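S.K.: prediction below, plus the sequence it came from.
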Amino acid sequence: MLVLADGNPVRHVRRPIVNYTLIALCVVIFLVNPPYTEYGFVPAKLFLVADGAGEPFVLPRLVTYIFLHGDIFHLLGNMLVLWVFGDNVEDSMGHLRYVAFFIVCGIAGALMEGAFTNEPEIIVIGASGSIAGVMGAYLLLHPRARVLVLIAFRFPMIIPASLFVGLSIATDVVMALLGDGEAAIAWWAHIGGFAAGIALLPLIRYADVPLFQPAAAYPENSFAPFNRFIVDLGHRRDAGTAPASFSERLAFGVKTFAFFSIIVLVVELIFA
């Protein structure tokens, strides 16, 4: 499942220049292709630092590993998610705080991976921990925003952001607990970054940026040119109607999740 767009405008910054810069930096570093063995994060070496026996250049790797990616699909997948969600998170806190937020979430992801991984000798690379933090912040800010996703790389669908982010982190938790090492994915880094994003966002957002913004905060015509080709599970209400009650939102969430899960299952069975 790929997220392609959210149609959620920025309101506090003219342009999310830091988010653009982070994406460009990751792309440039990927093209330069520095050696992972020198800049990737190795959990086992972090343990040695804690014991006073580690190499002095290990701690900077908590930052440098963020900007390394293993292959083009790793890079494109991460940058696509960052492109969709990062601009609104930067918009909620400003440029400089977003830089610090992105790096701290990445460090938190590395520390979580170091604490819980079953394979501490494996080099960890990628911005996934930082991006999971961005997704956690987006979940607090815009759970009702409608996002365009691509199921099985074939079928476009509009779903609430909370469903995409919720399924993503739920997958991370399940896979981390199952100890799936064959996928070569640092599941615990995702969880650590997500937790950091959830914790940091309320502390560093602008004072006038509310949490859990309503569906009315987002343009209704964001995906208008594509509506005839897309299954839309987004929650929309006519102008002038009363806000949905908690029970209505809960029922909508349950039905959306069930319908979405059935679609994904059918698509995977047919096209796997």
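M.R.: The structure has been received and is ready for your questions. Numbers count the residues shown, from 1 in each chain.

S.K.: give the other helices and strands that the one helix or strand residue 62 maps to contacts.
M.R.: Taking DSSP states H and E as the criterion, residue 62 maps to helix 61-64. Under the contact criterion of 3 or more CB pairs under 8 Å, 6 or more residues apart in numbering; DSSP states H and E, helix 61-64 touches helix 95-116. Heads up, the C-betas are built off the backbone N, CA and C, glycines and all.

S.K.: now with 10 Å?
M.R.: helix 36-39, helix 43-50, helix 95-116 (3 or more CB pairs under 10 Å, 6 or more residues apart in numbering; DSSP states H and E).

S.K.: quick one: buried residues of the next helix or strand after that helix?
M.R.: Downstream of helix 61-64, the next assigned helix or strand under DSSP H and E is helix 72-93. For helix 72-93, a neighbour-count test (16 or more other CB atoms under 10 Å) marks 74-75, 77-93 as buried.

S.K.: returning to what we had before: average pLDDT for the helix holding residue 62, rounded please.
M.R.: Averaged across helix 61-64, pLDDT comes to 94.

S.K.: centre of the chain to it, how far?
M.R.: How far helix 61-64 lies from its chain's middle: 19 Å, per CA atoms, centre = their mean, to the nearest Å.

S.K.: and it, C-alpha only, in PDB?
M.R.: Output of helix 61-64 as PDB, limited to C-alpha atoms (Å, rounded to 0.1, in the frame of the first residue of the first chain):
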ATOM      1  CA  ARG A  61      25.800   7.500  13.400                       C
ATOM      2  CA  LEU A  62      22.600   8.000  15.300                       C
ATOM      3  CA  VAL A  63      22.100  10.900  12.900                       C
ATOM      4  CA  THR A  64      24.000   9.900   9.700                       C
END
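
S.K.: who's in contact with it?
M.R.: 29, 34, 36, 38-42, 45-46, 55, 57, 68, 103-104, 106-111, 114, 123-125, 129-130 (CB atoms under 10 Å, 6 or more residues apart in numbering).

S.K.: residue 35: neighbouring residues, count only.
M.R.: Residues contacting residue 35 under the criterion other CB atoms under 10 Å number 8.

S.K.: got the contact list for it?
M.R.: residue 68.

S.K.: which stretches of this protein have low pLDDT?
M.R.: Residues of the chain meeting the criterion pLDDT under 70: 47-57, 180-183, 224-246, 248-272.

S.K.: straight-line length of stretch 4-17, end to end?
M.R.: 19 Å (CA to CA, to the nearest Å).

S.K.: tell me how far it lies from the chain's centre.
M.R.: On CA atoms, centre = their mean, the centre of stretch 4-17 falls 16 Å from the chain's centre.

S.K.: and it, which residues are buried?
M.R.: Applying 16+ other CB under 10 Å to stretch 4-17 flags 5, 6, 7, 8, 13, 16 as buried.

S.K.: what are the ranges of the helices in the protein?
M.R.: For the chain, the helices defined by DSSP state H occupy 17-32, 36-39, 43-50, 61-64, 72-93, 95-116, 128-141, 161-178, 187-204, 246-271.

S.K.: deepest in the core, which of these is it.
M.R.: Sort the helices of the chain by mean neighbour count, taking mean count of other CB atoms under 10 Å, and helix 128-141 sits at the top with a mean of 28.

S.K.: great, nothing more from me.
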